[in-house]
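Asker: Any chance you can model this:
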Amino acid sequence: MRDLRAFLDVLRAEGELVEIDAEVNPNLEIAEVHRRVIAAGGPALLFKRPTGSSFPVVTNLFGTKKRVDLAFGRRANDFVKRAAGLPHELMPPSLGKLWGLRDFGWQALDLGLQHAARGPVTEVVTAPNLSRIPMLTSWPEDSGAFVTLPLVYTEHPETHVHNLGMYRIERKADNRTGMHWQIGKGGGFHHHVAEQRHEALPVNLFVGGPPGLIASAIAPLPENVPELLLASLLVGERLRRCDNPAGPLPLVADCEFAIVGEVPPHLREPEGPFGDHYGYYSLQHDFPVFNVAKVCHRKDAIWPATVVGKPRQEDFFLGDWLQELLSPLFPVVMPAVRDLWSYGETGYHALSAAVVQERYRREAMASAFRILGEGQLSLTKFLLLLDQPMDLKNFQPVLEHVLARFRPETDLYVLSNLSMDTLDYAGPALNEGSKAVMMGVGPAVRELPRQFRGELPGGVGSVAVYCGGCLVVSGPAYAEEPGAADRLAANFPGWPLVVLVDDAREATRSDSRFLWTAFTRMEPAADLHGARRIHRNHVVFEGSIVLDARKKPTYPAELFCDPDTAATVDRRWAEYFPSGKVEMGDSDVGHLDR
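Answerer: Below you'll find the model as predicted:
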């Protein structure tokens, strides 16, 4: 699909798009309507009359697996699988083998970029007036309105290799926004080089365009792999670019908007808070500033937006699809890694599991270091290692497999004083934290308990079994007893993993709820407890490992809709959807209890 319009036509034809004629406010109201619809597995939404703007807003484009499949089909998946198999398929090389790959070669020749003097995105070029654009304020404590599907295009100041990334953009004035470049991301690396040269970095901020352009901006590609090449693969043809009437960088011709400007060196301003995809607010910090020179857009431009929050939101469906797309490449770039999965319910960076080779003792740790040194995977906080093929998406059997083989004395590694995802506030400071690697390789060493028997120790309100070997415990609030995890470690013999939470029954309602509760509220160096000693500079755990996943007083607030907006949406639901065919879900819970 060349542009957003083609995708919307497909969604209409499939009954996957509902158009809302009522006027709806981009300040909190649109976001809450979106959240209730996605919580019920509902359609994409085209808000035709956002308050204060002439540009329609479309949301929930990718909010189900079906719509993701409609956007991208199977062509790209088949191409990547074929490409990943070439090193084996072509060895030893022969003319017959090359001839047999001619169809693949023709497909590859269709990839890349093509250039034109102008494109739809340059139909209107104006001075910046960002308040005319219906950017969303999604949560009551957000600091303002944000571009929530930003496609930020930069080029390396020296090599001119491009990067396309999705970094949130806060509107600060009609001609200025924030630029939330996180660590480990290509745009931030480009800005770092520009600052060393005391130069401003030119930036194009695209919004809308081909669905493949949106997906490529969040794809976890290696730093020097061009995102526009992936976008071309997903679009199914060469990606059209055109001259930029307002800046030095080329424009993607079929976008809805291109906001053109630069990020000056050595300038930071407060940015945030913002309700983020971990399900909590990310707090206010100083980030670079984007000075806007011109705004280019189609004559009848549509503003695409999304809303992030507690999983599962749109980013979950896109993130899982991208993992499936790119997974055949993992054994190519990391030969001993047979399979890898990151869990969207934890924000992706908080938890991953990998099937690796263990051909000699401790080889699995070599794969762990390889994973933790690879691009965005380097931000992984907790990594589980297995050496037998399993469906990594099915988390309970994965955890049981690891716990049946895990030896606490030798198979848990906690790596302190490292970088951590900018949006993860479980660490001691912004961008700082630790990592843990838990190995479950070889034959099983224990039978896993599946039922709790015995008296509850003091301070424990209830317990619930999440899976074999994993007991979830309701403990005292962290503010009342910070050291409860160490005190309780000796009270659950036979359970290799005990997860200490505020409410055990709530945390075990579903896999999604467990993953979100257990891994977004912990940092390995601070929150893994148990009897331990030091041997050869290794922390040796003995008995149960207690993971303290209680809410800490320093942790940001959980995301909830404000009462006034909730009441407005309750009252107006039939006005938004007069057919009565769009179900209202629970935005405070989302998909967590499914």
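Asker: from memory Leu136 sits against Pro304, does it?
Answerer: No. Counting by CB atoms under 8 Å, Leu136 does not reach Pro304; the two are 10.7 Å apart. (Glycine included, C-beta is placed from N, CA and C.)
Asker: Give me the common contacts of these two.
Answerer: Val57 (CB atoms under 8 Å, 6 or more residues apart in numbering).
Asker: List the contacts of Asn163.
Answerer: Tyr153, Thr154, Glu155, His156, Gly186, Gly187, Phe189, His190, Glu227.
Asker: Output the helix or strand encompassing the first one in CSV with nothing but the alpha carbons.
Answerer: In this structure, Tyr153 is located in strand 151-155 according to DSSP states H and E. Listed next in CSV are the C-alpha coordinates belonging to strand 151-155 (Å, rounded to 0.1, in the frame of the first residue of the first chain):
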residue,chain,number,x,y,z
LEU,A,151,8.4,9.2,12.0
VAL,A,152,11.6,11.1,12.7
TYR,A,153,14.0,11.1,9.8
THR,A,154,17.7,12.1,10.2
GLU,A,155,21.0,11.6,8.5
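Asker: for Leu559, phi and psi?
Answerer: phi -90, psi 130 (degrees, to the nearest 10).
Asker: Tally up the residues packed near it, please.
Answerer: Residues near Leu559, counting by other CB atoms under 10 Å, number 24.
Asker: you'd agree it is up against Tyr281?
Answerer: Yes. Between Leu559 and Tyr281 there is a contact under CB under 8 Å: 6.8 Å.
Asker: joint contacts of these two?
Answerer: Joint contacts of Leu559 and Tyr281 (CB under 8 Å, 6+ apart) are Trp139, Gly275.
Asker: Look at His266 and say how many residues are nearby.
Answerer: Around His266 there are 7 residues (other CB under 10 Å).
Asker: got a list of what it touches?
Answerer: His266 touches Glu195, His198, counting by CB under 8 Å, 6+ apart.
Asker: do you know how far it is from Trp181?
Answerer: From His266 across to Trp181, the span is 14 Å (CB to CB, to the nearest Å).
Asker: can you check Leu592 too?
Answerer: For Leu592, the distance to Trp181 - CB to CB - is 30 Å.
Asker: now swap in Arg49 and tell me
Answerer: Counting by CB to CB, the separation of Arg49 from Trp181 is 34 Å.
Asker: orientation of the helix or strand harbouring Leu228 relative to strand 151-155 in degrees?
Answerer: Taking DSSP H and E as the criterion, Leu228 maps to helix 227-235. Counting by axes from the mean of the first three to the mean of the last three CA atoms, to 10 degrees, helix 227-235 lies at 140 degrees to strand 151-155.
Asker: low-scoring stretches of the stretch 201-350 of the chain, by residue?
Answerer: Applying pLDDT under 70 to the stretch 201-350 of the chain picks out residues 222-224.
Asker: quick one, helices of it?
Answerer: Counting by DSSP state H, counting those that start in this stretch, the stretch 201-350 of the chain has helices at residues 211-218, 227-235, 314-326, 330-333.
Asker: Could you report the pLDDT at Glu409?
Answerer: pLDDT for Glu409: 94.
Asker: For the residue lying closest to it once chain neighbours are set aside, which residues count as its bridge partners?
Answerer: Of all residues not flanking Glu409 in the chain, Val540 sits nearest, at 5.0 Å (CB to CB, 6 or more residues apart in numbering). Beta bridges link Val540 to Arg533 when assigned by DSSP bridges.
Asker: Enumerate every residue touching Val540.
Answerer: Counted by CB under 8 Å, 6+ apart, Val540 has contacts Pro408, Glu409, Thr410, Arg532, Arg533, Ile534.
Asker: surely Cys467 meets Glu400?
Answerer: Yes. With contacts counted by CB under 8 Å, Cys467 reaches Glu400, the gap being 5.3 Å.
Asker: hey, what's in contact with both of those two?
Answerer: What both Cys467 and Glu400 touch, as defined by CB under 8 Å, 6+ apart, is an empty set.
Asker: Touching, Ala231 and Ser216? I think so.
Answerer: Yes. If you go by CB under 8 Å, Ala231 and Ser216 touch, sitting 4.0 Å apart.
Asker: can I assume Thr568 sits in a helix?
Answerer: Yes. Per DSSP: H, G, I helix; E, B strand; the rest coil, Thr568 lies within a helix segment.
Asker: Once you drop chain neighbours, what's closest to it?
Answerer: Glu29 (6.0 Å).
Asker: Any idea how many residues pack against the one you found?
Answerer: Applying other CB under 10 Å, we find 22 residues neighbouring Glu29.
Asker: Could you do the one 10 residues further on as well?
Answerer: By the other CB under 10 Å criterion, the neighbourhood of Ala39 contains 24 residues.
Asker: In this structure it contacts Asp593, no?
Answerer: No. Checked against CB under 8 Å, the pair Ala39 and Asp593 is beyond contact range at 10.2 Å.
Asker: related to what we said a few turns ago, quick one: which of the helices of the stretch 201-350 of the chain is nearest Tyr425?
Answerer: helix 314-326 (18.0 Å; CB to CB).
Asker: Packing partners of the closest one?
Answerer: Using 3 or more CB pairs under 8 Å, 6 or more residues apart in numbering; DSSP states H and E, the elements in contact with helix 314-326 are helix 65-72, helix 75-89, helix 211-218, strand 337-342.
Asker: for the ones you listed, which one ends up most surrounded?
Answerer: For the helices and strands packed on helix 314-326, the stretch with the most neighbours on average is helix 211-218, a mean of 25; neighbours defined as mean count of other CB atoms under 10 Å.
Asker: Contacts for that one, please.
Answerer: 1, 4, 7, 61-62, 71-72, 76, 149, 151-152, 164-166, 206, 227-228, 230-236, 239, 252, 255, 304, 315, 318-319, 321-322.
Asker: export it as CSV, just CAs?
Answerer: Written as CSV, here are the backbone C-alpha positions of helix 211-218 (Å, rounded to 0.1, in the frame of the first residue of the first chain):
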residue,chain,number,x,y,z
PRO,A,211,1.8,1.5,6.8
GLY,A,212,5.2,0.0,6.0
LEU,A,213,6.9,3.4,6.8
ILE,A,214,5.3,3.4,10.3
ALA,A,215,6.3,-0.2,11.0
SER,A,216,9.9,0.4,9.8
ALA,A,217,10.3,3.3,12.2
ILE,A,218,9.8,1.0,15.2
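Asker: orientation of that helix relative to strand 151-155 in degrees?
Answerer: Going by the same axes, to 10 degrees, helix 211-218 makes 70 degrees with strand 151-155.
Asker: Taking their axis directions, helix 211-218 and helix 314-326 sit at what angle?
Answerer: Going by the same axes, to 10 degrees, helix 211-218 makes 90 degrees with helix 314-326.
Asker: tell me how far helix 211-218 is from the chain's mean position?
Answerer: 13 Å (CA atoms, centre = their mean, to the nearest Å).
Asker: Equivalent analysis for stretch 420-432, please.
Answerer: Mean-position distance between stretch 420-432 and its chain equals 15 Å (CA atoms, centre = their mean).
Asker: now stretch 215-232
Answerer: 15 Å.
Asker: Could you give the separation between the terminal residues of that stretch?
Answerer: In stretch 215-232, first residue to last residue: 11 Å (CA to CA, to the nearest Å).
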